[in-house]
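Asker: Provide a 3D model corresponding to the input given below.
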Amino acid sequence: MGQAKLRQQMQAASATVPKDRIASAVRAAVDTSAGHAGTCLHQAVIGLRVLKRYGLDATLVAGDLRRPLGDGYQHTYTREDNRISVRSGAFHAWLFCPATQEVIDFAAWEAPARMEAEAGTPWPGPRPTYLWATEATLRRQGFAVRPDADATATVRRWMAWASERAALDRREAAVFSRFGDATFVAAGEARAIAALEEPA
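Answerer: Numbering: from 1, shown residues only. Next up, the predicted model:
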C-alpha cells in the first residue's frame, strides 16, 4: 500500500475513533490500580493496544513533554540538570502516530493531579484530561514535545518483560470491560494467565 493511501486511512481512523471514551477507559483502568504516581507508561501502552483495534497505528515514545504553566513557564519531567533519566523516573511516555503526525498523551491529567495532591497548590496551567493533536498545534498552545531515543528504547524493552505484559493484559481487559467487549476481556485474561506462567 502506498504511503499516501496509508496516511489517508490513518487520518480517517483518527477522525472516527471515540477519543473521549478511549481516554476515559484507559485512565480508569490504570488509575484505579496505580493512583496518581507515574502511570504514563502503562497508559500509553494500553492506549496503543486499544488504538490498534480501531485501525490506528501509533508508536510508544518516551522523553519530555513540557506543559505550559503560564507567564512563559513550563512543567518538565526532566531532572534538575534538565536531563532525561528513565531509571529515576524523570521522563514522560506518550504515543505518536506517524501517518497523522499526532501526539497522543492519555496521561495529560496526571501531572496536575499529582502536583495538587503533593504540594497542595492548584495547577496554574491548562489541564486537559488527554492530548490528541499534532505537534504543531501543541506548540501553538505552549507545549514542547521532546522525544528521547535512549529513553524510548529503554521503556520499550521494559514493556517486553513477561511480568509487564501480564499487568498490561489485565489492564487491557479492564479497558474493554468498559466497552462491553466480553470476548476480548476473556482473551485478555487468558493472555494474562499465560504471561504470568512464562519464565522470567
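
Asker: the helices in this protein, which residues?
Answerer: Taking DSSP state H, the helices of the chain run over residues 3-16, 19-34, 40-53, 110-119, 135-140, 149-158, 162-178, 182-197.

Asker: What about the nearest residue in space to Ala111 that is not next to it in sequence, how many residues nearby?
Answerer: Nearest residue to Ala111, sequence neighbours excluded (C-beta to C-beta, 6 or more residues apart in numbering): His75, at 5.8 Å. Placement of C-beta: from N, CA and C, glycine included. By other C-beta atoms under 10 Å, 18 other residues sit near His75.

Asker: for His75, what are its contacts?
Answerer: Counting by C-beta atoms under 8 Å, 6 or more residues apart in numbering, His75 touches Arg66, Arg67, Pro68, Leu69, Ala111, Met115, Gly125.

Asker: Show me the beta-bridge partners of it.
Answerer: On the basis of DSSP bridges, His75 takes part in beta bridges with Arg67.

Asker: Can you give me the pLDDT of it?
Answerer: Listed pLDDT for His75 reads 84.

Asker: What of Phe176?
Answerer: The pLDDT attached to Phe176 in the predicted structure is 64.

Asker: just to revisit the earlier point, pLDDT check: weakest of the contacts of His75?
Answerer: Lowest model confidence among the contacts of His75 falls on Met115, which carries 77.

Asker: Which residue is the nearest non-sequential neighbour of that residue?
Answerer: Of all residues apart from its sequence neighbours, Trp123 sits closest to Met115 (C-beta to C-beta, 6+ apart), at 5.6 Å.
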